[in-house]
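>>> build me a model:
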Amino acid sequence: MTNNHRAEHRITVQAPARTVFGLIANIEAWPRVFPPTVHVDVLKRTAGEERIRIWATANDSVKTWTSRRVLDSEGLRVSFRQEVSQPPVAAMGGEWIIEPLSDSRTLVRLTHDFRAVDDDPEGVAWINRAVDRNSDAELGALKRAAEPAPGAGAGDLSLQFDDVVEVAGDPAEVYDFLYDARQWERRLPHVNRVELAESTPNLQLLEMDTLTPNGAVHTTKSVRICFPAGTIVYKQLKTPALMAVHNGRWRIEKSPSGCTVTSTHTVVLNRDAVVPVLGGGATVQDARTFVRDALGRNSTATMLLAKEYAERAVRER
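Residues are numbered from 1 along each chain as shown. Below you'll find the predicted structure:
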């Protein structure tokens, strides 16, 4: 007989229930709001229901699965059920239950029910650890996102921006340059060290040291999901102190002259690190400018070297 396992995690949030529900319902924002979520594709959406594919960290690995979500905006519930799971998970589902305690205080309950492949005890233990770790991380992140922050509004801590480079070359050459991060230590002057693992095709774990103009070294660790049609999305699991969240995307699109390469960064700043990192008197606006300049400089440098690589390939044909 197959054993079903259940878990429940809860947290109280100092915010209206509708605000909390909106954060949970907005699946496109999950990579920015919830630490375990790396990337989400909405495969189908109808009134009150959606089918999604999600990539997320689970313990020390990255898993992907397809789920169906049912959104009950009147009852303030969001239920989910995996259609296609990854071992050791045989089946997984659950529900977000949002209960107003007052006009400005909400109880959130996150439930899970699951089965392990072959009821393997080690698989059950692995899933329990992953559910506990991810649920705690998601509920904590939900609380931080929903509760009003002192001082500057939450919007002041979030920024998203693009840098664009035109390339007179083959989009495939540009993609190869960005995909093959093992070569970045040799190809990119601002990269000091690279370690890349790809046990699952097109799913990469990338750790690297990058140099800042003042000679400091930042170590970052990222999950990268590579779509050979021309997109690489990533999420930093280990970020520099100034950033609480850093997600990115490389997008390569054909153009009349070759291709257009766009680097998109989505960042949530760490307010508590602004003064320690930038010095006394520094403001959130100073941090926004600093991060915009630093990330834009590195991504543009990478795209310009990818441009040189692709255009040299055209000349050498």
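
>>> any low-confidence regions in this protein?
1-2, 149-155 (pLDDT under 70).

>>> residue nearest the centroid of it?
residue 38 (3.3 Å; C-alpha atoms, centre = their mean).

>>> got the contact list for that residue?
Shown in contact with residue 38 (C-beta atoms under 8 Å, 6 or more residues apart in numbering): 31, 55, 56, 57, 62, 223, 225, 233, 234, 235. All C-beta spots, glycine's among them, are computed from the backbone N, C-alpha and C.

>>> what's the following helix or strand after whatever helix or strand it lives in?
Using DSSP states H and E, residue 38 sits within strand 37-46. Following strand 37-46 in sequence order, the next helix or strand is strand 49-58 (DSSP H and E).

>>> check which helices and strands that next one is in contact with.
strand 37-46, strand 61-72, helix 121-146, strand 217-227 (3 or more C-beta pairs under 8 Å, 6 or more residues apart in numbering; DSSP states H and E).

>>> so where do the strands sit in the protein?
5-13, 37-46, 49-58, 61-72, 77-84, 89-102, 105-116, 158-167, 191-200, 203-211, 217-227, 231-238, 243-255, 258-269 (DSSP state E).

>>> just want the angle from the fourth one to strand 49-58.
Here strand 61-72 runs at 150 degrees with respect to strand 49-58, directions being taken by axes from the mean of the first three to the mean of the last three C-alpha atoms, to 10 degrees.

>>> strand partners (parallel or antiparallel) of strand 61-72?
strand 49-58 (antiparallel), strand 77-84 (antiparallel) (DSSP bridges).

>>> run the angle between the strand holding residue 38 and strand 49-58 for me.
170 degrees.

>>> hmm, residue 66 and residue 42 touching each other?
No - using C-beta atoms under 8 Å as the test, residue 42 is too far from residue 66 to be in contact (11.2 Å).

>>> now for those two: what residues contact both?
Shared contacts of residue 42 and residue 66, counting by C-beta under 8 Å, 6+ apart, come down to 51, 52.

>>> tell me how far residue 274 lies from residue 315.
Between residue 274 and residue 315 the computed distance is 46 Å (C-beta to C-beta, to the nearest Å).

>>> those two: who's more crowded?
residue 274 (21 against 8; other C-beta atoms under 10 Å).

>>> nearest spatial neighbour of the more buried one, skipping sequence neighbours?
residue 287 (4.7 Å; C-beta to C-beta, 6 or more residues apart in numbering).

>>> can you report how many residues neighbour that neighbour?
24.

>>> who wins for neighbours among the contacts of residue 38?
For these, neighbours were counted by other C-beta under 10 Å; the highest total belongs to residue 235, with 26 neighbours.

>>> measure that one to residue 38 for me?
4 Å.

>>> could you list the domains of this structure?
Using automatic domain parsing, the domains assigned to the chain come out as 5-146, 154-315.

>>> you'd agree residue 305 is up against residue 186?
No - applying C-beta under 8 Å as the test, residue 305 and residue 186 come out as separate, 10.9 Å apart.

>>> neighbour-wise, which of those two wins?
residue 305 (16 against 8).

>>> next, count neighbours for the closest residue to residue 141 other than its chain neighbours.
The shortest distance from residue 141 to any non-neighbouring residue, by C-beta to C-beta, 6+ apart, is to residue 34 (5.2 Å). By the criterion of other C-beta under 10 Å, residue 34 has 22 neighbours.

>>> in this structure residue 34 contacts residue 139, no?
No - the pair residue 34 / residue 139 is not scored as a contact, 9.5 Å apart, by C-beta under 8 Å.

>>> residue 21: how many residues sit nearby?
Residues near residue 21, counting by other C-beta under 10 Å: 23.

>>> how near is it to residue 15?
Applying C-beta to C-beta to residue 21 and residue 15 gives a distance of 10 Å.

>>> cool, residue 254 as well?
In terms of C-beta to C-beta, residue 254 sits 44 Å off from residue 15.
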